[in-house]
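> Give me the fold of what follows.
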Amino acid sequence: MLLVLGFAVVATVVAVFGNAFATRAYLDQAATRGETTLRLAVAALTGHMSRFEPLPALIADHDDIVALVADPDNASLRIRANAYLKEINHLLKSSDIYVMLIGGDTIAASNYDAPLSFVGQNFSYRPYYQDAAEGRQGRFFALGTTSLKRGYYFSAPVYVGGEIRGVVVFKVDIEPIEASWKSDEYEIVVTDPEGIIFMSGRPEWLYAGLLPLTQERLDRTAASRRYANATLRELPVRAGLQGAHRMMNLKADKSEREYLVVEEPMSDAGWTVSVLLDTSSARSQALTSVLAALLLLGLAGLLGAVVLQRRARLAERMEMQRTAREELEHRVEERTADLASVNSLLELEVAERRATEVQLRQTQADLIQAGKLAALGQMSAALSHEFNQPLAAVKTYADNAAILIDRKRTSEARDNVARILALTDRMASISRHLRNFARKPNERLGPVELNEVVRDTLEIVAWRLKAADADVKIDLGKEPPIVRAGSVRLQQVLVNILSNAADAVEGLENRTIELTARRIGESVEIIVRDHGPGVPDAIASRIFDPFFSTKGVGKGLGLGLSISYNIIKDFGGNLSVQNHADGGAVFRIELAAMKAISSEAAE
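Down below sits the predicted model:
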């Protein structure tokens, strides 16, 4: 019963969420196709319009047109201008070309000999005339009031002696582009700023509004007589959103169709081009996918039921075998009960002796453990302090190596592993040198390049500097000095001092730490300065004492500076601390300078 219920729940989830997911995926695909179609449609419209845009200005500069505007009553000039306009109109395959005087009266046109000639008509109410009369290039799309043909109008002023005396208008036919938009998969519409459809592959949608035709919109449209006497109406649409997609439901007759809307404005033309994609195909594909998933789920459930039935039979057989085995074991237990009672006394005696032996061994183990703990107590503090920071660096490199391996960056991971090996070698060397903390200067010293020691030190304390959000500024001079020391132990000293500096500046506004080195005569002076609170005078004389620490409980053992002081003394140098006049502590290390590194390693 639970299995059937679980299967029903899973099927419901697949049906609900699977349908939503599949619908979204297929709508995304439809939107991608619509965007491609939209780009092509906008490019076609833009290309078609841009061919004719500069022509009105060229025609306005023609001698015959300028002469006619200067002398509009000259009959011979009108004949020449009409013939010129008709020839240009035929050559360019445009809709109409005509010339108006200031005031809006048409005095010449390419259709001068047609029944519906523009000659004598007044178009002063058109925005393209008003723009050109003010000296601007005019653009306007509308339904011709005389020809009743849709078109896009370009206009330019006609100058006579530097004065605007007329206007040339060039009308472009848009129906050839519209004819190419026929498709069963989508509809392309072009709307004006009022939301009225001006171009469409569906003639019945022309002059219909996708937005509510408020009185304000109707008044603006009527003022320019954009659509002449065409009847304007609202399409019965209902807009909405599905995810990131804009949807539109359109009622037609007794049915309703849903469209996915992809649009792009053409600001120069004042249009909005929209591609409407019928969503019925996408929703059918989504439903088919969900049904296929449910079918596969049903087959999987049937297979699972068969497997469970076979497992139930196997469990029943194993239960019968277990019952028989328990009955046999019970009989054996009854027969051995007598032997068990006889052996109980012997077992009691043996148990007492074993308990005594165990107690003795426990006492011995406690004594050994006490000796171990005493020894560990003497050395654990130093070992913990000296190994803590290298181990932290090893962990950081190991974590980075794991991430790099996951990202297939093997060469960089190999470099991290090499750094881990170097750090483990360094920790092994540190363990060998722990005996020198008791000031046994019997280790051979040699020339050490300070820049390499500083570089390795920064790698170890990088995690601490990052945690404190501290910035270390290094200045070793043009030629980094070479000092007489041991590289590993000198690195220990710098690690301890830089870690203390990071602790001092953590949480402060100025978290800068400065490390400088200069050669002064036969010595090299290494200075580490922080911008923290400095060292109080009361504890300055005790700061290098063992187990002396200003940190809170659990945050330090008080060995770092003591060990560092002894190491520098072993090098034949000196370590001191003082407060800077502008605030902060200044640790000064003085070591003997050397000129070159010998072929034998220092440590």
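> Can you give the domain ranges for the protein?
Residue ranges for the domains of the chain, per automatic domain parsing: 2-52+177-278, 55-173, 439-594.
> Report the distance from the longest one to the chain centre.
Average the C-alpha atoms of domain 439-594, do the same for its chain, and the two points are 42 Å apart (Cα atoms, centre = their mean, to the nearest Å).
> what do you get for stretch 223-233?
49 Å.
> Would you mark the buried spots in that stretch?
Residues of stretch 223-233 classed as buried under the neighbour-count rule (16 or more other Cβ atoms under 10 Å) are 226-227, 232. Any C-beta I mention is one placed from the backbone N, CA and C, and that applies to glycine too.
> could the domains of the chain be laid out in CSV, adding distance to residue 389 and mean pLDDT?
Listed next are these as CSV, based on distance: least, Cβ to Cβ, whole Å; pLDDT from 0 to 100:
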stretch, distance to residue 389, mean pLDDT
domain 2-52+177-278, 51, 77
domain 55-173, 74, 90
domain 439-594, 5, 86
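> now the helices: where do they sit in the stretch 251-400 of the chain?
Per DSSP state H, counting those that start in this stretch, the stretch 251-400 of the chain carries helices over the ranges 280-406.
> Find the nearest non-adjacent residue to residue 195, please.
Spatial nearest neighbour of residue 195, chain neighbours left out: residue 211 (3.1 Å); criterion: Cβ to Cβ, 6 or more residues apart in numbering.
> C-alpha coordinates for stretch 471-487, CSV please?
C-alpha atoms of stretch 471-487 as CSV (Å, rounded to 0.1, in the frame of the first residue of the first chain):
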residue,chain,number,x,y,z
ASP,A,471,49.8,44.0,4.5
VAL,A,472,53.6,43.4,4.6
LYS,A,473,55.8,45.9,2.8
ILE,A,474,59.2,44.4,1.9
ASP,A,475,62.3,46.6,1.2
LEU,A,476,65.6,44.7,1.0
GLY,A,477,67.4,47.3,-1.0
LYS,A,478,68.7,47.1,-4.6
GLU,A,479,70.9,44.2,-3.7
PRO,A,480,69.4,42.0,-1.0
PRO,A,481,72.1,41.4,1.7
ILE,A,482,73.7,38.1,2.6
VAL,A,483,74.0,37.3,6.3
ARG,A,484,75.9,34.8,8.4
ALA,A,485,73.2,32.5,9.9
GLY,A,486,71.2,29.3,9.4
SER,A,487,68.4,29.7,6.9
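> doesn't the residue nearest to residue 195 fall inside a helix?
No. Checked against DSSP: H, G, I helix; E, B strand; the rest coil, residue 211 lies outside a helix; its state is coil.
> Please tell me how far it sits from residue 193.
10 Å (Cβ to Cβ, to the nearest Å).
> same deal with residue 314?
Separation of residue 314 from residue 193 (Cβ to Cβ): 77 Å.
> neighbours around the closest residue to residue 459 other than its chain neighbours, how many?
Closest residue to residue 459 in three dimensions, ignoring its sequence neighbours and counting by Cβ to Cβ, 6+ apart: residue 393, at 6.3 Å. Other residues near residue 393 number 23, with proximity taken as other Cβ atoms under 10 Å.
> wait, what's in contact with residue 393?
Neighbouring residues of residue 393 by Cβ atoms under 8 Å, 6 or more residues apart in numbering: 419, 423, 459-460, 462-463.
> ok, which stretches of the stretch 401-550 of the chain are strands?
446-449, 471-475, 482-485, 512-520, 523-530 (DSSP state E, counting those that start in this stretch).
> sorry, back to before: next up, the contacts around the residue nearest to residue 195.
With contacts defined as Cβ under 8 Å, 6+ apart, the neighbours of residue 211 are 194-195, 217.
> Closest one of those residues to residue 593?
residue 195 (85.7 Å; Cβ to Cβ).
> phi, psi of the closest one?
Residue 195 adopts backbone torsions of phi 80, psi 10, taken as degrees, to the nearest 10.
> ok, now residue 508?
According to degrees, to the nearest 10, residue 508 has phi -90, psi 170.
> gap between the most centrally placed residue in the chain and residue 70?
Nearest to the mean C-alpha position of the chain, by Cα atoms, centre = their mean, lies residue 407 at 18.1 Å. For residue 407, the distance to residue 70 equals 78 Å [Cβ to Cβ].
> circling back to that earlier point, more neighbours: which of residue 314 and residue 193?
Ranked by neighbour count (other Cβ under 10 Å), residue 314 and residue 193 place residue 193 first, with 13 against 10.
> how close does that one get to residue 235?
Applying Cβ to Cβ, the value for residue 193 to residue 235 is 17 Å.
> next one: residue 90
38 Å.
> neighbour count winner among these two?
Neighbours per residue, other Cβ under 10 Å: of residue 90 and residue 235, the larger number sits with residue 235, 18 against 10.
> In contact with that one, which residues?
By Cβ under 8 Å, 6+ apart, the neighbours of residue 235 are 197, 205, 208-210, 250.
> and what of residue 285?
22, 26.
> follow-up on the earlier one: ok, of the contacts of residue 393, which come out buried?
For the contacts of residue 393, buried by 16+ other Cβ under 10 Å: 419, 423, 459-460.
> Show the subsequent helix or strand relative to the helix or strand where residue 157 lies.
Using DSSP states H and E, the element containing residue 157 is strand 150-160. Next in sequence after strand 150-160, counting helices and strands by DSSP H and E, comes strand 163-173.
> on contacts alone, who are the packing partners of that next one?
helix 19-52, helix 55-60, helix 63-70, strand 96-101, helix 127-133, strand 150-160 (3 or more Cβ pairs under 8 Å, 6 or more residues apart in numbering; DSSP states H and E).
> So which of those is the most surrounded?
Highest mean neighbour count of the helices and strands packed on strand 163-173: strand 96-101, a mean of 26 (counted as mean count of other Cβ atoms under 10 Å).
> Could you check how far whichever helix or strand comes after that strand is from the centre of its chain?
Sequence-wise, the next helix or strand downstream of strand 96-101 (DSSP H and E) is strand 106-109. Remark: strand 106-109 is offset 61 Å from the chain centroid, using Cα atoms, centre = their mean.
> follow-up on the earlier one: and residue 308, which of the domains of the chain is closest to it?
Closest to residue 308 of the domains of the chain, according to Cβ to Cβ: domain 2-52+177-278, at 7.2 Å.
> Out of the buried ones among the contacts of residue 393, which sit inside helices?
419, 423, 459-460 (DSSP state H).
> For residue 302, grab the count of nearby residues.
11.
> contacting residues for it?
The contact partners of residue 302, by Cβ under 8 Å, 6+ apart, come to none.
> okay, it: pLDDT?
pLDDT, residue 302: 83.
> With distance to residue 319 added, can I get the helices and strands packed on strand 163-173 in a markdown table?
What follows is the helices and strands packed on strand 163-173, written out as a markdown table (distance: least, Cβ to Cβ, whole Å):
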| stretch | distance to residue 319 |
| --- | --- |
| helix 19-52 | 44 |
| helix 55-60 | 97 |
| helix 63-70 | 108 |
| strand 96-101 | 98 |
| helix 127-133 | 93 |
| strand 150-160 | 87 |
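> what's near enough to touch the residue nearest to residue 182 when sequence neighbours are not counted?
For residue 182, ignoring the flanking residues on the chain, the nearest one in space by Cβ to Cβ, 6+ apart is residue 201 at 5.2 Å. Contact partners of residue 201, counting by Cβ under 8 Å, 6+ apart, are 178, 181-183, 187-189.
> quick one: which of those residues sit in strands?
If you go by DSSP state E, these have 187-189 in strands.
> any chance of these in CSV, with neighbour count and distance to residue 268 too?
Listed next are the ones in strands among the contacts of residue 201 as CSV, based on neighbours: other Cβ atoms under 10 Å; distance: Cβ to Cβ, whole Å:
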residue, neighbour count, distance to residue 268
187, 20, 24
188, 26, 19
189, 26, 19
